[in-house]
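>>> Sharing a model prediction with you, sequence too.
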Amino acid sequence: MSKLSQFRTFGKKIVCVGRNYREHAAELGNPVPSKPILFLKPTSAYISEGQAIKIPQGCNDLNHEVELGVVIGSKAIQVAPEEALNYVGGYALGLDMTARDWQSEAKKQGHPWSLAKGFDTSCPVSAFIEKEKIPDPNNIDLWLKVNGETKQAGNTKDMIFSVEYLVSYASQYFTLEPGDLLLTGTPSGVSKLKPGDIIQAGLGNLISMQFKVDK
């Protein structure tokens with residue numbers, strides 16, 4: 001198994017993009033951004049299938065956000081958009097778990113989102129997907145179900161900023177290193193979760209994953 005396929009164990013950071021789908025921005029009452037909104041999760045947020053998503057202590061509104069994850073394959077520093085895919089090593093399906101009540105309060109106070117987005121178990125991910133299996137990352141379906149009911153169904157063609165643009169933009173400010181994960185934003189349909197809920201999510205017909213929500 002290559003090191004790249006073990007991105008969860010040797011990647012140094014998780015770079016996330018907020019509000020990259022217009023309908024998701026609208027459902028939360030947020031303006032559509034004119035440039036990408038970036039935030040970070042620690043790698044301690046990673047979990048894989050077989051591990052449970054834990055509702056953090058004191059959170060009363062945990063939400064799911066299904067996203068295409070881009071796994072960086074080679075060091076990227078200030079790369080041009082037209083060259084950005086050369087630095088992609090592969091992909092993954094990811095969930096950006098969000099303590100929405102904490103995030104809303106942080107936004108009101110002008111505080112960072114670190115607790116709302118970076119708590120332990122806040123980044124469930126699938127197995128690594130080889131780059132060749134997704135020839136066009138800007139046109140692939142995403143879906144998520146909770147207890148068998150479809151909550152999110154979208155396509156990356158609806159992203160405000162393309163994968164190439166996001167990799168290029170992030171690389172202007174962060175050195176992107178092999179194994180780093182870039183989460184590209186979520187379509188509309190986020191909803192509140194409770195203990196015992198079962199989340200199923202998929203990326204096209206390539207991969208699916210399942211997680212249980214626990215206290």
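Everything's here; your move.
>>> Now that residue 138 has come up, it's in contact with residue 163, right?
Yes. Between residue 138 and residue 163 there is a contact under CB atoms under 8 Å: 5.8 Å. Glycine gets a C-beta too; all of them are placed from N, C-alpha and C.
>>> mind listing what's buried in the helix-or-strand element of the chain with minimal mean pLDDT?
None of the helices or strands of the chain scores lower by mean pLDDT, DSSP states H and E than helix 22-27, at a mean of 89. Under the neighbour-count criterion of 16 or more other CB atoms under 10 Å, helix 22-27 has 24-25 buried.
>>> Stretch 40-53 too?
Buried-residue list, stretch 40-53, by 16+ other CB under 10 Å: 40-41, 43, 45-47, 53.
>>> For those, which two are the farthest from each other?
Greatest spacing in the buried residues of stretch 40-53, by CB to CB: 40 and 53 (19.3 Å).
>>> I figured residue 145 hits residue 199, correct?
Yes. Counting by CB under 8 Å, residue 145 touches residue 199, with 7.3 Å between them.
>>> and the most centrally placed residue in the chain, what is it in contact with?
Nearest to the geometric centre of the chain sits residue 183, at 3.5 Å (CA atoms, centre = their mean). Residues near residue 183 by CB atoms under 8 Å, 6 or more residues apart in numbering: 14-17, 67-70, 94, 96, 123.
>>> This completes my enquiry, with thanks.
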